[in-house]
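> Curious how this folds, go ahead:
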Amino acid sequence: MTGALAEDVKAAPTGPQRYSDGYSPRDTAPARARRDVALCLRTWGLDVLVDDARLIVSELVTNAAKHTKTRRIGVSVTRHPDHVRIVVTDTSRTLPAPATHTPEDEAEAGRGLQLVDRLTTRWGSKRFRTGKQVWAELPVGKVVS
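Model (predicted):
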């Protein structure tokens, strides 16, 4: 290739794009994580996923801050060709379990993982020696019903 033509050719990414950060388990952690994930997705041109991703990361970060004694909450977002994976890590080895509320229940809390289940194509958790990760996947270019 020569001069100007070479400058016009842009290389395609060879692997997934990834964003990650860590947060102290304070009251501000969910809001900061929501903001950062939204900015990340908008930067990647995935504005359509922002609302669901903000809700998912808010639920997962809130659970880590509220139900564990972790000193640091990790959040990562990875863009794959057909989905975006959100991962929240903490130092607790206790895996989350969705509440068993029915739609008639009047409880105002305990529905976060049910909401995550409804919004995603897949989600799950994995225990490690040093803690756990809870992950959720949103489709790129497809609608979850």
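> Using CSV, write out every CA atom in the longest helix anywhere in the chain.
Determined from DSSP state H, the single longest helix within the chain is helix 50-67. The C-alpha coordinates for helix 50-67 follow below in CSV (Å, rounded to 0.1, in the frame of the first residue of the first chain):
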residue,chain,number,x,y,z
VAL,A,50,-27.3,1.2,28.1
ASP,A,51,-30.6,1.1,30.1
ASP,A,52,-30.6,-2.7,30.6
ALA,A,53,-26.9,-2.7,31.4
ARG,A,54,-27.2,0.1,33.9
LEU,A,55,-30.0,-1.8,35.7
ILE,A,56,-28.0,-5.1,35.7
VAL,A,57,-24.8,-3.6,36.9
SER,A,58,-26.7,-1.6,39.6
GLU,A,59,-28.3,-4.8,40.9
LEU,A,60,-25.1,-6.8,40.9
VAL,A,61,-22.9,-4.1,42.5
THR,A,62,-25.6,-3.4,45.1
ASN,A,63,-25.7,-7.1,46.0
ALA,A,64,-21.9,-7.2,46.4
ALA,A,65,-21.9,-4.1,48.5
LYS,A,66,-24.9,-5.1,50.7
HIS,A,67,-24.4,-8.8,51.2
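> to the chain's geometric centre, what's the distance from that helix?
7 Å (CA atoms, centre = their mean, to the nearest Å).
> Beyond that helix, next helix or strand please.
strand 73-79 (DSSP states H and E).
> packing partners for that next one?
Counting contacts by 3 or more CB pairs under 8 Å, 6 or more residues apart in numbering; DSSP states H and E, strand 73-79 packs against strand 17-23, helix 29-43, helix 50-67, strand 83-90. Where C-beta positions appear, they are placed from N, C-alpha and C, glycine not excepted.
> one step back: what comes up buried for the longest helix of the chain?
Judged by neighbour count using 16 or more other CB atoms under 10 Å, the buried positions of helix 50-67 are 50, 52-54, 56-65.
> Let me know the angle separating that helix from helix 29-43.
Put simply, helix 50-67 runs at 150 degrees to helix 29-43, going by axes from the mean of the first three to the mean of the last three CA atoms, to 10 degrees.
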